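Peer 1: what follows is a protein structure lacking sequence information:
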């Protein structure tokens, strides 16, 4: 399970359910977090996942996309559609 960064010793485990909400994470942590989370999702059989980064000014979205561009396990990604978070989320298709 991927754990959100926590300054205390009481780390909270997140369920691997195919959706990662980055609102609880620091932007500087996504470079390590996303690859680990994707590996866990693939291990649990998820081949399409959703990363929620929010709409904002797009800086976090660009950071997420930069991480995804470097991963060999990512087949493709796109902005979410209606009911998927629209441009506040990225839908990622993983290689099997």
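Peer 2: Thanks, I have it. Everything quoted here is computed from the prediction, not taken from an experiment. Numbers count the residues shown, from 1 in each chain.

Peer 1: how near is residue 57 to residue 79?
Peer 2: As for residue 57, its distance to residue 79 is 15 Å (criterion: Cβ to Cβ, to the nearest Å). In this view, the C-beta of every residue, glycine as well, is placed from N, C-alpha and C.

Peer 1: looking at these two now, which is surrounded by more residues?
Peer 2: residue 79 (14 against 8; other Cβ atoms under 10 Å).

Peer 1: now stretch 38-53: buried residues?
Peer 2: Residues 38, 40, 41, 42, 46, 49, 50, 51, 52, 53 are the ones in stretch 38-53 that count as buried (16 or more other Cβ atoms under 10 Å).

Peer 1: now do stretch 25-32
Peer 2: By 16+ other Cβ under 10 Å, the buried positions in stretch 25-32 come out as 25, 30.

Peer 1: average pLDDT across it?
Peer 2: The average pLDDT for stretch 25-32 rounds to 93.

Peer 1: and it, how far out from the chain's middle?
Peer 2: Distance of stretch 25-32 from the chain centroid (Cα atoms, centre = their mean, to the nearest Å) equals 10 Å.

Peer 1: so where's the protein uncertain?
Peer 2: By pLDDT under 70, the low-scoring segments of the chain are 1-12.

Peer 1: if I pick residue 49, what's in contact with it?
Peer 2: With contact set as Cβ atoms under 8 Å, 6 or more residues apart in numbering, residue 49 has these partners: 18, 19, 20, 38, 41, 91, 92, 94.
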